[in-house]
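Visitor: this one's sequence-less:
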Ligand SMILES: [Zn+2]
């Protein structure tokens, strides 16, 4: 375990991130959940405009 403290780019709160984790998060758990939700909404809205 190699936990390190990072600061969320969104709310500036501290959160713990395993530095060995392949996916390095830039947002805390709350914000990434929010962003995921927002992304899904955006994706839904723009689905016909930007297919990939
Ligand atoms: Zn946050």
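Guide: Received it, and whenever you're ready, just let me know what you need. In this text, all values refer to a predicted model and were calculated from it rather than measured experimentally. Numbering: from 1, shown residues only.

Visitor: use CA for all of it now, contacts and neighbours both
Guide: OK.

Visitor: what sits against the nearest residue to residue 28 once chain neighbours are set aside?
Guide: In space, and not counting its chain neighbours, residue 28 is closest to residue 8: 5.2 Å by C-alpha to C-alpha, 6 or more residues apart in numbering. Going by C-alpha atoms under 8 Å, 6 or more residues apart in numbering, residue 8 touches 14, 15, 26, 27, 28, 31.

Visitor: return the set of buried residues in stretch 14-30.
Guide: By neighbour count with 16 or more other C-alpha atoms under 10 Å, stretch 14-30 contains the buried residues 15, 17, 25, 27, 28.

Visitor: the contacts of residue 8 also near the ion: which ones?
Guide: 28, 31 (C-alpha under 5 Å from the ion).

Visitor: inside helices: which ones of the contacts of residue 8?
Guide: residue 31 (DSSP state H).

Visitor: quick revisit: now pLDDT too, for the buried residues of stretch 14-30, in a markdown table please.
Guide: Converted to a markdown table, those look like this (pLDDT from 0 to 100):
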| residue | pLDDT |
| --- | --- |
| 15 | 95 |
| 17 | 92 |
| 25 | 89 |
| 27 | 94 |
| 28 | 94 |
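
Visitor: out of these, list just those in strands.
Guide: Using DSSP state E, the members of these that fall in strands are 15, 17.

Visitor: name the nearest of the buried residues of stretch 14-30 relative to residue 40.
Guide: residue 27 (16.6 Å; C-alpha to C-alpha).

Visitor: run the angle between the least confident helix or strand in the chain by mean pLDDT and strand 14-18 for me.
Guide: Within the chain, confidence by mean pLDDT, DSSP states H and E is lowest for helix 29-45 among all helices and strands, at a mean of 88. Here the directions of helix 29-45 and strand 14-18 differ by 80 degrees (axes from the mean of the first three to the mean of the last three C-alpha atoms, to 10 degrees).
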